[in-house]
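Asker: with the sequence up front, the predicted model follows.
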Amino acid sequence: MKKGKIVIISGNKRAGKTTLTMKLHQKLGFNFYNFDSITDSLEEVYTNLEGDPYYIKFLEEMVSYALEFAENYGISSVFEYIDFTPELMKNFKYINQVEIYYLANLDATIDNIRDDLKKYSKPYDWPAYCSEERFGKKY
């Protein structure tokens, strides 16, 4: 039986994370986990989780199960999230058992980054918290 793979894809907004993960999902049959959706849902239910890197421990638990499925059933999985930075992932429990990729939008300008932050930020994100409406000036 063929062993499955576990892939983690991270990067800044509009770097192509979702496009790549959906290709792995649709063309190669990878299970797809979007951590933006998962953590947003968790933060809505458990507001005390905000700002705490609980999602790394949560990712470790999910990857543990995904590794078991990969080994036993040949099922591959891909995890996508904006905040899996190299700094956060350096102590990741399964770092040697998964493939981790970081994508960057190198065409980003200060204006389109600001526009993306306005468009995609959640009410509890730092950019939304430090908004012009709240403080009367742009950051």
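Answerer: That came through fine.
Asker: contact partners for the spatially most central residue of the chain?
Answerer: Here the mean C-alpha position of the chain is nearest to the C-alpha of residue 81 (Cα atoms, centre = their mean), at a distance of 0.5 Å. Taking Cβ atoms under 8 Å, 6 or more residues apart in numbering, we find residue 81 in contact with 8, 10, 34-36, 39, 55, 59. In short, each C-beta sits where N, CA and C put it, glycine included.
Asker: ok, residue 84 touching residue 17?
Answerer: No - using Cβ atoms under 8 Å, residue 84 is not in contact with residue 17; the gap is 9.9 Å.
Asker: measure stretch 90-104 end to end?
Answerer: Length of stretch 90-104, first residue to last, Cα to Cα, to the nearest Å: 18 Å.
Asker: and this protein, what are its domains?
Answerer: 6-107, 109-139 (automatic domain parsing).
Asker: could you identify which of the ones you listed is most buried?
Answerer: Of all these, domain 6-107 carries the top mean neighbour count, a mean of 15, counting by mean count of other Cβ atoms under 10 Å.
Asker: straight-line length of it, end to end?
Answerer: First-to-last residue span, domain 6-107, Cα to Cα: 29 Å.
Asker: re the thing from before, look up how far residue 10 lies from the residue nearest to the centre of the chain.
Answerer: Look at residue 81 and residue 10: by Cβ to Cβ, to the nearest Å, they are 6 Å apart.
Asker: by mean pLDDT, show me the worst of the domains of the chain.
Answerer: In terms of average pLDDT, domain 109-139 trails the rest of the domains of the chain, at a mean of 56.
Asker: hmm, back to that, tell me which of the contacts of residue 81 fall in helices.
Answerer: Mapping those onto helices (DSSP state H) picks out 35-36, 39, 55, 59.
Asker: I'm done for today, thanks for sticking with me.
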